[in-house]
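Peer 1: next comes the sequence, and after it the predicted model I'd like to discuss.
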Amino acid sequence: MLKGQIVKRLKALHPEYSVEDLEEVVNLVFDTISEALSQGRRVEIRGFGSFSINKQKGKLFTNPKTGKTIKCPSNYRIVFKPGKLLKKKIEP
């Protein structure tokens, strides 16, 4: 689902609001989640799930052709863990 589709669905449910206002709300929600994650904080949306940041260790790899060892630097990964209600909706 695209962000524009979310706005259209909200407009269908709440025709009293303008598309611009709904777009602003959707953008605000995503921006707030992004900002919290960039600060290393966990984001939990009850019934939906939680987003968190995990740090991956750096690794050493060997190129099979040259035999040269290459270091892959440590990195951050966004992890999503679905909530109970979302799991129930998805699972058959």
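Peer 2: Yep, it's here.
Peer 1: which strands or helices does the top helix by length along the chain pack on?
Peer 2: Ranked by residue count, the top helix of the chain under DSSP state H comes out as helix 19-38. With contacts defined as 3 or more CB pairs under 8 Å, 6 or more residues apart in numbering; DSSP states H and E, the secondary structure elements packing on helix 19-38 are helix 3-13, strand 43-45, strand 49-56. The C-beta positions use only the backbone N, C-alpha and C, and glycine is treated the same way.
Peer 1: can you give me the end-to-end span of stretch 2-22?
Peer 2: The first residue of stretch 2-22 is 14 Å away from its last residue (CA to CA, to the nearest Å).
Peer 1: quick one: closest of the helices and strands packed on helix 19-38 to residue 62.
Peer 2: strand 49-56 (18.7 Å; CB to CB).
Peer 1: one step back: so which of the helices and strands packed on helix 19-38 comes closest to residue 26?
Peer 2: Evaluated over the helices and strands packed on helix 19-38, closeness to residue 26 peaks at helix 3-13, with 5.6 Å, by CB to CB.
Peer 1: for residue 87, helix, strand, or coil?
Peer 2: Using DSSP: H, G, I helix; E, B strand; the rest coil as the criterion, the local structure at residue 87 reads helix.
Peer 1: burial count for it?
Peer 2: Counted with other CB atoms under 10 Å, the neighbours of residue 87 add up to 11.
Peer 1: one step back: any chance of the helices and strands packed on helix 19-38 in a markdown table, plus distance to residue 74 and mean neighbour count?
Peer 2: Shown next, in a markdown table, are the helices and strands packed on helix 19-38 (distance: least, CB to CB, whole Å; neighbours: other CB atoms under 10 Å):
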| stretch | distance to residue 74 | mean neighbour count |
| --- | --- | --- |
| helix 3-13 | 31 | 13 |
| strand 43-45 | 22 | 14 |
| strand 49-56 | 6 | 14 |
